[in-house]
Structures are given as structure tokens and as C-alpha cells.
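1. Pasted the sequence and its predicted model underneath.
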Amino acid sequence: MLKILYNIRMRKLFLLLIAALSLFLQVWALDPVEIPAAEPASVVPAAPANAPAPFKITNANFDTSNAMIVLSAQDTDAPVMTDFKLVTMDNPKRAYFDITGAILTFPRLDWKFEKGPVQQIRISQFETSPAAIVRVVLNVDDGFNTNNIKVLRVQNTIVVKLKPDTFSGSDYLRNVYRDERTSAGDFYEYTKVTQGEDIKPVHFNTGYYLHSVSARRDAVLINGFGSLMIEKPMILTEPSRIVFDLPNTYVNDEIRNTEYKMTDKDSVKIGQFSVNKARIVIQTQSLTDFIPIFSADNQSLLLANFKKVSSSNLAAAPSSITSYKKEKKDLTSTMRLTFSEPLIHGVERAYNKLTLHLYNVNNLNEQTFKTNFADTVFAKGTVSGSKISIPLEADTVVSTFLGADSKTLQVRIVEPKKVEKAKGAGAGKTVVLDPGHGGTDCGALKDNLLEKDINLTVAKKLRDILAKQGYLVHMTRDDDCYVSLEDRVAFAEKMAPDIFISIHVNSSVKPEINGIETHHWRPDSLDLAQTLHDKLISDVKTNDRGLFKSQFYVINHTTMPAVLVEIGFISNDIERGQLAGDGRKNTTAKAIAEGINAYFKQK
């Protein structure tokens, strides 16, 4: 990208793979046992002057969700075979196939599994002369049907399918963008890797190995290998920055927490946010202009200011849409576009719309688009140049998927359930709820019960009650993410609500202490604090610890009536047990809602 996209494919990875892939290319193995020390890297034989270039395999992944092996190569026109002969053998039961004209650029791989029908997978350089041959051997259980094994080539990828109906040419789709912060498909494994005589525990993440970062004005280039995915960005203030999370990603130790300058004022930093998630933070004043742009092979990612990027900046062959497909089921609409050439595209996700930047597509037509996607949410979209913009309601969930050959783009949109606005006590009133802590900030902790989880659950229950009563409710966080105190205040000021309520759980070194506290700071918050506290003490059977004038940051720096409620003590055995259950949470949420109603009724 930016005239170098195709040049960075694997240019720097060869030396890296020789030294490091014995550690990191095991990342897809399911429940592996101890892995033997890697053999020396394969030696690429010198080819005759008139011989075709070899098919250099640079990456091997085991896709656990789809039960397939994915072998990726450098961009090449190498005439590697497309018809693969599978040979089966017994005692032990196994199957193998050869890839002629192929060279491994990394050490032999030997994956062993403790669960599942596949016991072992070995990938090695079988011959280098007179012909280069890579052999893939699978040891399987006696009951495994080897007829299920299918081998296909798609562009520069060889896919070994291990179960039926997993893959159909370019119809294999990888999730490359999602709104959700977590997914049931996210997981990581702990295992041991043998390196010489040293054995040490290592985190293995199923997905992507992030190798390097290149920063320049208005853009950050992310290089790596595996299956790349990115989440909906978060915008934070003081200082202004945009945050991109990459789930199921392992960051090269050497680049963690390193700051890269983009300009004198703008910079980017990358870190291992959690054991299976990378975080990229760009500090810039152009917060809403940075979007992810996906390369055709989905191995590199450009985070760029879309206002400074055009198709002429990107090294990509012109492409056109060859087919449109749609599916509508209940609240879920799915759009699938097929292209003549690999797609270079960006995803711009604003709170009220989705914009797809199809940089190398030259035949977008709004009327054709609307006709093909009639009766779906996509029909509301508009087309301008190479962009498709789709208006969305709040709480809509978006996911995008890219085909293995990058010639298919699928977009799935799940619309929120329609809830009739009640003409109740909250009509015309706006409330901001602030579930305390979140993400890396767990708050109080006792017996594996986390304050941040209790806060969020109670806040969501309260939100649902208030919404049914006609209130417009905003939350500083609606999932398990970290939000700074400054950003909570900034969010509240932006939403300009009638009241602000922060929800917390208390703790003490004295386990006998229990009860509810309500905190306020400014004089205009006293009535709200008193009304909420009275209702909580009336409905929740616990100790009344009273009202407190406290200079907590979120109730001190907000400008609307604001209170912070401590709904119980996690350090108290009885109260902790109650807070862990739905009964206490439901009662607390209902009591706060009734207190809010009483407060506005007095006004």
C-alpha cells in the first residue's frame, strides 16, 4: 500500500521465519503436547537458469474453527500442481500428499494433538533434487474417514480441508472486521515448546502474529502473518487518540510498547493488551479519519487517514463487481459481493453508519446496488465513487468477511430489536450510566468475583428498565473495556444528560462491614443522591451507610447532577454472595430506577 503494498509481502519475513517460526508457527495447533525441537531450516536449492520459480511456502496455519490447514506462499506465478493425489496407509492409519515444485522457507513442522480425530500433522521438505517436493502427512484415528480430506489451491494459498462442507474454493470467508469486543471464537492456549534443551511456557494465540510496524505521515503499516482481524475502534480524549484492537493476535516482543513517530505531533504505539489481543493506539487530532485498509492477502493492514488515501496510492489491479448476493433473516441482512480481481478495501465505522471504501473497484452503480439489495438494510445505502455508505441505527452490529482469494467480500449487519418508546416517567429525559472500572481495571476482587463485572451487569439491567420507561440512556461502557476517568467525563459532557449515575461495589479490610453508600459532590447533586439513596435503602435489605460528600473524579468534573452509588461490599461474605446472584442485582437496578423516577417527579 502507498505504492509498497505488494512489495512488503514477505520481504522481511524470510530471515524472521528461519529464526522464529519454530516458536510462532505452531499457533494454530489444538491442544498440542510438547513439540520437538525444530530441525534446521530447509535449504532452497539453486534452480537452473531456465527453471520456473519455486512455490515458496512461507506460512503454515491450522485453522481450528474450520478444521483446515492453510499453507501460504509468496506472490508467485510458480506452476505448482493444482491436482493433489492423496495416498492413504495403515498401521498407523495416515494419509499424505505431495506438493511438487514447492519449497519450505521454515523448519519442518510437527504438530501433535491430544484431542480430536487428527493425531499428528507433519509438514516437511521431502525432496529438493531432482524436484522440490513438500510432503504433508496426517496421522488420524482408525475411525476417521480419509475421504473427507480435500486439497485445493486458491491463488497463493493451498488449503487442506479435514471435514466436509468447510471450504468451497473462494467461498471460504475469514472474519476481518467486527464490532464486538469479544466472541465465543476467541481463545488462546498454554503449551510448552522445546527449543534445544530449554523448555518454557509460551502463550499461543489462534490467529495472527504481528511482526512489525512502519509509521509515516497519515498512515501506519502493520506487517505479520496468519488470520488478521480488527475490531471497531474506540476514540479517547485528553490526549486525542484512536484505539484499534486486534483479537487473537500475538505481538512481536521486540516492538511492544514502542512509540513510532508519524509527525511531530502524531504517533503510534502497539502493545499486547491481553494474552490474545493486540492494541494499537494512534495519537492524532484527526481521530475519526483513521480507518483500517486490508491488503489483498490479508497479511498486512494499513491504518490510514482515508482523506489522504486514494486508489492511485495503492498498488492494486483494477477490479469490478461480477456478482451480487443477498440474504435476509429476521434482523440479520447479509451482502456478498464478488470481484474480478483481489479487493483492496477499507472499513469506516461511525456510530450511525458503515462506509466501505472499495479502492480498486471501478463499476459501482447506486441504482444497481439498491436493486440487488432491495428489502435489506443495504438498500438504504448510497454510492459515491468507490464508496458505499449505509446508515445504521445505534446498537447495530457489523461484521465483514473476506474470501481466501480476496475476490469475495461479505458484510453482515444485525439490526437492533425494535422497542416501542414508552410514554412514561422518562419521556424526554436523558441519563448517562457509568459502570465503574472495566478491561484491565478489575476494581475490587474477592474469590474470583470482579467488581467490574457486577457494575456492568447492574448498569445493563438498569438501562433496560429505564429504556422501557421512555428514558434515553447512554453508557460510558457497555462491554468489558477500559475507559479512563477523563474519557468517562468527556463522554458524559458530550451526551449532555439530565443526570449522571456511576455504579460501583465497595470493599474493606474489615470483612464484617456491609451496606450501601451514595456519594455526591456539587450542591445540585444532593437531591438526586438523597432520593436514590432512600429508595435503595428501602428496597435492598442491607446496612444504611449514609450519604457522603466525596470528590470522586467523575462526579466532580461532570457538570450535570451526578452521583456515585456503592451498592454493597464485595469483601463481606454474605453481601458478596448476594451480589454474585441475579436477585440482588435485579433489586438494586429496580430501586435505582424508581429513585430516578422519584427525582424527576419532584422537579
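-> That came in fine, so what should we check first? Residues are numbered from 1 along each chain as shown.
2. Please report how far the closest residue in space to Leu485 that isn't next to it in sequence lies from Asn59.
-> Spatial nearest neighbour of Leu485, chain neighbours left out: Tyr553 (4.4 Å); criterion: C-beta to C-beta, 6 or more residues apart in numbering. For every residue, glycine as well, the C-beta is placed using N, CA and C. Remark: distance between Tyr553 and Asn59 (C-beta to C-beta, to the nearest Å) = 47 Å.
3. Which one of the two is surrounded by more residues?
-> Asn59 (23 against 15; other C-beta atoms under 10 Å).
4. quick one: the residue nearest to Leu485 from Gly515, how far?
-> Counting by C-beta to C-beta - Tyr553 and Gly515 are separated by 23 Å.
5. swap in Val151?
-> In terms of C-beta to C-beta, Val151 sits 66 Å off from Gly515.
6. what does Ser214 give?
-> Counting by C-beta to C-beta - Ser214 and Gly515 are separated by 55 Å.
7. returning to that earlier point: hmm, the residue nearest to Leu485 is touching Val489, no?
-> Yes: Tyr553 is within contact range of Val489, at 7.1 Å (criterion: C-beta atoms under 8 Å).
8. which stretches of the stretch 301-450 of the chain form helices?
-> 366-372 (DSSP state H, counting those that start in this stretch).
9. So, low pLDDT: which residues of it?
-> Filtered on pLDDT under 70, the stretch 301-450 of the chain yields the residue ranges 312, 315, 419-425.
10. cool, and the stretch 101-250 of the chain?
-> Using pLDDT under 70, the stretch 101-250 of the chain drops low at 114-115, 154-156, 164-172, 182-207, 225-226, 237.
11. if we go to 80?
-> 106, 111-116, 152-157, 159, 161-173, 181-209, 224-227, 236-238 (pLDDT under 80).
12. And for the stretch 501-603 of the chain?
-> In the stretch 501-603 of the chain, residues with pLDDT under 80: 602-603.
13. try 90
-> Scanning the stretch 501-603 of the chain for pLDDT under 90 picks out the ranges 522-523, 551, 601-603.
14. Residues contacting stretch 445-452, please?
-> 435-439, 441-444, 480, 504-505, 507, 570-571, 576, 579-580 (C-beta atoms under 8 Å, 6 or more residues apart in numbering).
15. Any idea how far that stretch is from the middle of the chain?
-> In terms of C-alpha atoms, centre = their mean, to the nearest Å, the centre of stretch 445-452 is found 25 Å from the chain centre.
16. Tell me which stretches of the chain form helices.
-> 13-24, 366-372, 451-468, 485-495, 526-539, 553-556, 573-580, 582-602 (DSSP state H).
17. Quick one: list the elements packing against the last one.
-> In other words, helix 582-602. helix 451-468, strand 499-506, helix 526-539, strand 562-569 (3 or more C-beta pairs under 8 Å, 6 or more residues apart in numbering; DSSP states H and E).
18. and the direction of the longest one versus that of helix 573-580, what angle?
-> The reference is to helix 451-468. Put simply, helix 451-468 runs at 50 degrees to helix 573-580, going by axes from the mean of the first three to the mean of the last three C-alpha atoms, to 10 degrees.
19. Mind checking the pLDDT average for helix 451-468?
-> Here helix 451-468 scores 95 as its mean pLDDT.
20. tell me which residues in it are buried?
-> Across helix 451-468, burial judged by 16 or more other C-beta atoms under 10 Å covers 451-463, 465-467.
21. how about the helices and strands packed on helix 582-602 in CSV, adding distance to Asn313?
-> Below are the helices and strands packed on helix 582-602 laid out as CSV (distance: least, C-beta to C-beta, whole Å):
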stretch, distance to Asn313
helix 451-468, 42
strand 499-506, 44
helix 526-539, 53
strand 562-569, 47
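22. For Ala317, which of the ones you listed is the nearest?
-> Among the helices and strands packed on helix 582-602, the nearest to Ala317 by C-beta to C-beta is helix 451-468 (46.6 Å).
23. Kindly calculate the angle that the closest one makes with strand 562-569.
-> Using the same axes, to 10 degrees: helix 451-468 against strand 562-569 is 120 degrees.
24. Extract the C-alpha trace of helix 451-468 and format it as PDB.
-> Extracted C-alpha coordinates of helix 451-468, given in PDB (Å, rounded to 0.1, in the frame of the first residue of the first chain):
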ATOM      1  CA  GLU A 451     -16.300  -5.600  40.800                       C
ATOM      2  CA  LYS A 452     -16.200  -4.500  37.100                       C
ATOM      3  CA  ASP A 453     -18.500  -7.400  36.100                       C
ATOM      4  CA  ILE A 454     -21.100  -6.600  38.800                       C
ATOM      5  CA  ASN A 455     -21.100  -2.900  37.900                       C
ATOM      6  CA  LEU A 456     -21.700  -3.700  34.200                       C
ATOM      7  CA  THR A 457     -24.400  -6.200  34.900                       C
ATOM      8  CA  VAL A 458     -26.400  -3.900  37.200                       C
ATOM      9  CA  ALA A 459     -25.900  -1.000  34.800                       C
ATOM     10  CA  LYS A 460     -27.300  -3.000  31.900                       C
ATOM     11  CA  LYS A 461     -30.300  -4.100  33.900                       C
ATOM     12  CA  LEU A 462     -30.900  -0.500  34.900                       C
ATOM     13  CA  ARG A 463     -30.600   0.600  31.300                       C
ATOM     14  CA  ASP A 464     -33.200  -1.800  30.200                       C
ATOM     15  CA  ILE A 465     -35.600  -0.700  32.900                       C
ATOM     16  CA  LEU A 466     -35.200   2.900  32.100                       C
ATOM     17  CA  ALA A 467     -35.400   2.400  28.300                       C
ATOM     18  CA  LYS A 468     -38.800   0.800  28.800                       C
END
